[in-house]
Structures are given as structure tokens and as C-alpha cells.
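[1] structure, please.
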Amino acid sequence: MAKISAKEREQKKQQLDEIVLNIFWQHGWHAISYASVAEAFGTSRGAIQRYYPSHNDFSNALKGKVLPLVVSQLDWQSKEAFYQSWIVALHSEDGKFRRVMEMLFSQVCSKGSSEQAAIGVHQFLSTINEKFEDESLGKELFGETFLALLNQAN
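    Predicted coordinates for the structure are as follows:
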């Protein structure tokens, strides 16, 4: 097997990250697997594992690309507007906000989960608390989100 240069490896990693992101947007976090990424890239699962040693490493491909979408869909002007925009985004036809929430719940609740997901949720809750001076708002919205995901699963 021929070795590839660092530049070629970085280019391949960027292509793979794009594939991971596309699978995420189209099908959600649970659809991302070594097999699905390998099929989309036209290579073996083993080749993909060299770039993503564990399943949680797929989340690195999403860093900086999903949270801005979540934040952009929320209206931060008032507590009421924020609440309504969250509910609208959660039930949006494109499903992107919901997919991000599914991933966060999955990451936080799974064994060997990504610590960065838990930190991200806590930071997001803290931002909501500080902005609206209401510690119950974020908890209520995450509860609404959990119930919406539960209802969708059944």
C-alpha cells in the first residue's frame, strides 16, 4: 500500500468530514457508521477507522458546523420569542435542529460519551440562564425536546 502525504491525508480527512456532515444532516447521528461513511466514500471500513478511531470521533467532523445552525434558528430578543423559536425549530420540516438535539442527547447519555457534548449542553444552558435570568427556561425547553424526541421515536 502506498503511503500518502500529510497534505493528501488532510484533504481526505476534509472529504470524509464533509461526508459525515452530509449523513448527519440527511439521516441523523445514528446513521453515521464506519459502513455508511465507507460506502459514501467508496472505501473500506478499516480505512475509515484510521481517520475516526472510535465512533465518538465522528463528532469531531461536526465541530463548529452544527451549533451555529442551532443558535441561528433561535430568536434571542425575549424569553417568549426564544421559547417559541425553539419549538418551531424543533418541529421544522428540515429536521436539522432536531438532529442536533438527538445527537446531544445521545452523546450525553451513552457510555463512553463525548465529554464535550455534556460541556456544550451545560454552556448552552448557562447562556440561556444568563440571557433571560431564568434557570427554568432551558430546563423546560430541554424537557420539551426530550418529549418531542420520545414521541417521534414511537
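[2] CA atoms for contacts and neighbours, from now on please.
    Fine.
[3] Ser44: neighbouring residues, count only.
    Per other Cα atoms under 10 Å, the neighbour tally for Ser44 reads 13.
[4] contacts only, for it.
    Ala35, Ala38 (Cα atoms under 8 Å, 6 or more residues apart in numbering).
[5] repeat the analysis, applying 10 Å as the threshold.
    Contacts for Ser44 were tallied using Cα atoms under 10 Å, 6 or more residues apart in numbering; they are Tyr34, Ala35, Val37, Ala38.
[6] grab the nearest non-local neighbour of the first one.
    For Tyr34, the nearest residue in space outside its immediate sequence neighbours is Arg45; the separation is 5.2 Å by Cα to Cα, 6 or more residues apart in numbering.
[7] thinking again about what came up before, what subset of the contacts of Ser44 is buried?
    Buried members of those, counted by 16 or more other Cα atoms under 10 Å: Tyr34, Val37, Ala38.
[8] not counting sequence-adjacent ones, nearest residue to the residue nearest the centre of the chain?
    Nearest to the geometric centre of the chain sits Val100, at 4.0 Å (Cα atoms, centre = their mean). Take Val100 and drop its neighbours on the chain: the residue closest to it by Cα to Cα, 6+ apart is Val66, 6.8 Å away.
[9] for Ala89, same thing?
    Phe97 (5.9 Å).
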